[in-house]
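A.B. asks: Please work out how this folds:
(chains A and B)
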Amino acid sequence: MNATTKRVAAVLLSLILLFVTFGGRSSAQSVRGGPDIAVVVHPDTPVSDLTLSEVRQVLLGERQYWSSKLPVVLLIRAPVARERDVVLRVIYQMTEAQFKQYWVAKIFRAEAASPPKIVYSNDMQYEFVSGIPGAIAFMDARNVRPGLKILRVDGHLPGDKAYPLH
Amino acid sequence: MVRIGSIFAVLLLAAGVARAQGSSPTDQAEQVRLLLERVQLLERRVTELEARQAPAPATALSAANQVPTPSQTPQQQTAPAGTLAHEHEVQEQAATVQQMEQHYPSLQIRGFGDVDFSATDQKGTTSGFNLGQLDLHLASALSRKVTYFGEMTFNAQPNGYTVEVERNIIRYDYNDYFKISFGRYHTPIGYWNTAFHHGAWLQTTISRPDMVRIGGTFIPVHFVGFLAEGNIPSGGAGLSYNVGVGNGRGSLIFRPGDAGDNNNNRAWVANIYSRPRRFYGLQMGASVYRDKITLVGRDFREWITAAHLVWTKETPEFLAEFANVNHRAVLTDLSTNSQAFYVQLGYRLPWFERTVKPYYRFEYTHTPLSEQVFTNQDLVGSILGVRYDISNYAAFKIEYRNSKRGVADPRVNGLFLQTAFTF
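C.D. replies: Numbering: from 1, shown residues only, chains lettered A, B, ... in the order given. This next block holds a predicted model:
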C-alpha cells in the first residue's frame, strides 16, 4: 500500500463517517404537525386513488399523462406557502434550492417542456384546477371548495389519521 | 504557490460578497409569508361573504367519487343581481384560466456558463484562467404532444470561438410509455452522459469523468438518428427504456457523423433503467451499443456494454458507472476490450444553509496495447473537492486532482477552480 493509496483510503473513510453521522438526519423528512393538505384534481381526471409514490411520480414529472389524451398539468403554490412546504418536504424530499435545480435539470435533459406552474393563492388554484383538464394541485383541506375532486392518498382522505400529507 | 493562494483568496472573497448580496434575508421571507397569510385570510373572508349572501349545502370534503358539480353552487339559485355577479366571476375565471393555458410554440431559453482556473505541476503546461463552455438550451412545446429541444455551445479556442450544435431533437409523446424523437442526442449509454449534458452547474464536480469527456472517444458521446423512450408498466420496479438507431461514430470517431454516415451500417443503442418506488433516489441500469466503425478503409465491430448505480439524493450522493468497449477488426478478427469506471461520493452538509458539498471521485480507464481504434487512454485518478452554492443558480467549486496516465508518465497534481452558473 503506497502513500497515495493510504491518503485516498483515509479520505474515503472520512466521507463514509460523514454519511453515517448525518445520513439519517435529513431535515426534509422530519414530521411536522398542521392541517392536512388535500391532493385535488380537475373533476374529469380518470383517477381517484393514488399511492404516495404514485403522487411523487406525477410531481417528479415521471408520469406526464393521466391517459393518452390527457396530459398532467402540475400546479404548485409559490414559495413560503405552507402547501408548498409540505409538498417539498413529504413528496419531493427536497429543499427549495434542490427543487429549483431539479426542474432546471429535468427540462435540460429534454424530459419535460416546462416546470410546474406557480399559483399564488388558493382562489387562483381553485380556478385553475376546475378550469384546466388534467390539472393537479395541493391545497389546505379546509379550503377545498365544491367542483374539485379530492384524491385518496394511500387509500386515505384528508382528516384520516393515516393521511400522509400534513 | 503564493500566487495561487492569493487568487484563491480573491475568488473566495468574491464568492462571499456575491452570496451576501444574493441571499434572501429571513425577514423578507417572513414578510412574504405574512402577506400570503393575509391573502389567504381575505380569500376565506370572501368565501364566507359569498356563502352568507346565498346559503347552500356545505361541501367541505368530498370523496373522490362524490364530486360536487358546479350546478350545486349557490349562485345559480340567487336573485338576478347574484346571477350577474356570478357571470362576471365566471368570465374572470375563464380569462385567468386562458392566461394560464399553454400557448404554442412556447420557447424557453436557459443558459449555462462557467469560468475556470487551473494550475498543475505537469511539465510544459501553464496555469491560468479559461472560459468554459457557454451553453444555450432551448425548449419549446409545439403542441400538446410535440416538443422541440436544442442545445448549442460556444467554445473558446486560441483563435476565436467555435459553435457546436450539441443536441437538436423533435419529440412526439404518445403517452408515458411511448415517446419517439428524431435528431442529435447525447447517447443514452450509462448515466452521466444523459444526466448532466454540458451544464457544469448541474454536476457536482468541475469536469465530467474521463470516460464520458466531451470530445473524448471512449464512448460515443453524441448520436444522430431516432430514439424511442418511455416507462415500462412494471409496478414498483419503475422501469424505463431508451432504444435508438442512428449513424454511429463518424470518420473522426469522437463525432457522430452529423452530415451523413461513413458506412452503410447503422448503430443501435438500448438502455434500460429502474427507479424503484420504494427507494426514492435510487437508479440502476444497463446499456448496450452496437456499431460498425470504418477508419481509413478498415472496418471494426464495436460492442459497448455499460452499467450504472446511482443514489441521486445529496445526503449522500453516490454515482458509479462502468463500461466495457469491445473492438473486433473485421479483417483479422483481432479483438480488444477496454474498460473504464468511476465512483463518486458527495455529501451536502447540514450547516451553512446546506450550501456546502464536499466530494470525492475515483476514476480508472484501461486500454490494452493491442487496441486499434483508440489511442491509449489509461488513467488512474482521484479528485477531492468542495462545491459551494453561492445562490440557487450559481456555484463555486475547488478541486485537487491527482492523476497518472501511462506507466511511463509522471503523476500529475493540480488545483482547479470553477464558478458555474445558469441564467
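A.B. asks: so what's residue 109 up against?
C.D. replies: Because you didn't say which chain, this covers chain A. A:Arg109 makes contacts with B:194-195, B:197, as judged by Cβ atoms under 8 Å, 6 or more residues apart in numbering or on different chains. (C-beta placed from N, C-alpha, C; glycine too.)
A.B. asks: wait, chain B
C.D. replies: Shown in contact with B:Ile109 (Cβ under 8 Å, 6+ apart): B:136-138.
A.B. asks: just to revisit the earlier point, near chain A, from the contacts of A:Arg109?
C.D. replies: Residues of those in contact with chain A (Cβ under 8 Å from any Cβ of the partner chain): B:194-195, B:197.
A.B. asks: Mind checking which of the residues you listed are buried?
C.D. replies: Neighbour counting with 16 or more other Cβ atoms under 10 Å in any protein chain shown marks B:194-195, B:197 as buried within these.
A.B. asks: Run through the strands of chain A in chain order.
C.D. replies: Ranges of strands within chain A are A:37-41, A:49-50, A:65-67, A:70-71, A:73-77, A:117-119, A:135-140, A:149-150, A:152-153, based on DSSP state E.
A.B. asks: B:Ile304 is in what secondary structure piece?
C.D. replies: B:Ile304 belongs to strand B:298-311 when elements are defined using DSSP states H and E.
A.B. asks: Would you mark the buried spots in that strand?
C.D. replies: B:300-302, B:304-308, B:310-311.
A.B. asks: cool, stretch B:128-141 as well?
C.D. replies: Within stretch B:128-141, the residues scored as buried using 16+ other Cβ under 10 Å are B:132-137, B:139-141.
A.B. asks: Distance across it, terminal residue to terminal residue?
C.D. replies: End-to-end distance of stretch B:128-141: 42 Å, with Cα to Cα, to the nearest Å as the criterion.
A.B. asks: what's that stretch in contact with?
C.D. replies: A:107-108, A:110, A:113-114, B:102, B:104-119, B:147-156, B:166, B:197-200, B:214, B:418, B:420.
A.B. asks: Now do the same for that stretch: mean pLDDT, whole number.
C.D. replies: Stretch B:128-141 shows a mean pLDDT of 93.
A.B. asks: tell me which of the contacts of B:Ile109 is nearest to B:Leu331?
C.D. replies: Closest approach to B:Leu331 among the contacts of B:Ile109 (Cβ to Cβ): B:His137, at 43.0 Å.
A.B. asks: Dig out what the closest one forms beta bridges with.
C.D. replies: Counting by DSSP bridges, B:His137 forms beta bridges with B:Arg110, B:Glu151.
A.B. asks: which intervals of chain B have sub-threshold pLDDT?
C.D. replies: B:1-34, B:53-101 (pLDDT under 70).
A.B. asks: can we see that at 80?
C.D. replies: For chain B, applying pLDDT under 80 flags the ranges B:1-102, B:257.
A.B. asks: in it, which spans are helices?
C.D. replies: Here chain B has its helices, by DSSP state H, at B:2-22, B:26-53, B:80-100, B:192-195.
A.B. asks: mind listing the helices for chain A?
C.D. replies: Under DSSP H, chain A gives helices at A:3-22, A:52-59, A:82-86, A:96-108, A:122-131.
A.B. asks: which helices and strands sit right next to the shortest one?
C.D. replies: Just to be clear, that refers to helix A:82-86. Identification of packing neighbours for helix A:82-86 by 3 or more Cβ pairs under 8 Å, 6 or more residues apart in numbering or on different chains; DSSP states H and E yields strand A:37-41, strand A:73-77, strand A:135-140.
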